[in-house]
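Novice: Can you look at this prediction? I've put the sequence above it.
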Amino acid sequence: MAHPAVFLDRDGTINVNAPSGDYVTSPEGLKLLPGAAEAVRRLGEAGFRIVVVTNQSCVGKGLVSSEELREIHVRLRDMLSEAGAEVDLVLHCPHTSADDCDCRKPAPGMWLRAAGDLDLDLASSYTAGDAARDLQAGRIAGTRTVFVWGDAYVDEPAKARELGPDMEAETLSEAAGMIVADARERGVIG
């Protein structure tokens, strides 16, 4: 039987965004947003698989190596695990927008890969992120979408609202509560 999942954007949803035009380039630069770890834990405890999906063009631009990004994601998982939150899969797109790949959000490639790797039911799944491209990818993949104001850049709320997300939340913690309630109402989880 396929599982429901929550696809979470990384920067600005789980952890603090780097300044506009900049990137998290080291494990030490990764700072969780308040309540994010507890929100991830709550989603996992409710029965969702947790998948982090993140565009990381810093790799394609040569600012961070694949190994350095792996270390950042190990640190992310460790920080979440310290709060009892487990992540089933972390996927990233290393490409720049000029590469025209099928994994860079708003393309749904990471969603489709995760669905195959983890036997996920995309129609019973959710996507939460702080950017319009997160919602676009989630919608194309067939998930319900949640815009998380979190640490969004100033122009993102207007772009996201134009897409008509299924829900909006101030924080990932609030989004987790909405997702769990919606999924129970829809019979996705018990």
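Specialist: Now that the structure is in, tell me what you want to look at.
Novice: my read: Val24 touches Leu32, true?
Specialist: No - counting by C-beta atoms under 8 Å, Val24 does not reach Leu32; the two are 11.5 Å apart. For glycine as for every other residue, the C-beta is placed from the backbone atoms N, C-alpha and C.
Novice: joint contacts of those two?
Specialist: Residues touching both Val24 and Leu32 (C-beta atoms under 8 Å, 6 or more residues apart in numbering): Asn15.
Novice: Look at these two and report which has more neighbours.
Specialist: Val24 (23 against 19; other C-beta atoms under 10 Å).
Novice: On the three-state scheme, Phe7 is what?
Specialist: At Phe7 the chain is in strand, as set by DSSP: H, G, I helix; E, B strand; the rest coil.
Novice: Can you list the residue ranges for strands in this structure?
Specialist: For the chain, the strands defined by DSSP state E occupy 5-8, 49-55, 89-93, 126-129, 144-148, 167-169.
Novice: my read: Phe48 touches Phe7, true?
Specialist: No - look at Phe48 against Phe7 with C-beta under 8 Å: they stay out of range, at 9.8 Å.
Novice: Among the strands of the chain, show me which one is buried the most.
Specialist: strand 126-129 (a mean of 30; mean count of other C-beta atoms under 10 Å).
Novice: Run the chain-centre distance for that one.
Specialist: 6 Å (C-alpha atoms, centre = their mean, to the nearest Å).
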